[in-house]
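**Student:** Provided below are the primary sequence and the corresponding predicted coordinates.
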Amino acid sequence: MKRRSYITTMFAMFAGAKAVPAQMAAKKTPDNPIVLYCDLSVAPAREQEMLNNFHNIFKPAATKFQGYIDVKILKLRTVYTGSAPANVNYRFQLTYESEELRQKWIKSDVHQKVWPTVENTLASKDYSTLLFDSK
């Protein structure tokens, strides 16, 4: 009897594994999302606090909003050509289906609560914000 229950369980697992790619295919990224970049100067003494707040407060809140595609925090490693903006050590990258949906997110009460948990760790709030259209 144990063998029959084992085989039944294995079939159920394989059926579930096949369903995952189908679900992922249904969640298609739009053809021309927008991508927002913020070049940040994170205070060195508050770097771990910023990373914790980004991963555990900001990102989970952002993922729940309509239009959200992705958000990343990138740490500058090396400048190969040209020069990096002065004092920038992190780049924030947010991808949304459209600028209209991103505007709804940033005007929300939730955003007003979670963005300061990241922004308050910056050495300066005078950061560049660049919005790009994906083509």
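**Tutor:** Good, I have the coordinates.

**Student:** what kind of secondary structure is the residue nearest the centre of the chain in?
**Tutor:** Central residue of the chain (C-alpha atoms, centre = their mean): residue 71, 1.5 Å from the mean position. For residue 71, the secondary-structure state derived from DSSP: H, G, I helix; E, B strand; the rest coil is strand.

**Student:** Kindly report the same for the one 10 residues further on.
**Tutor:** Three states are possible here, and by three-state DSSP the one that applies to residue 81 is coil.

**Student:** Who are the contact partners of it?
**Tutor:** Applying C-beta atoms under 8 Å, 6 or more residues apart in numbering to residue 81 gives no contacts. Placement of C-beta: from N, CA and C, glycine included.

**Student:** For it, give me phi and psi.
**Tutor:** Dihedral angles of residue 81 (phi, psi; degrees, to the nearest 10) stand at phi -140, psi 150.

**Student:** what about it, distance to residue 35?
**Tutor:** Noted for residue 81: a distance of 21 Å to residue 35, by C-beta to C-beta, to the nearest Å.
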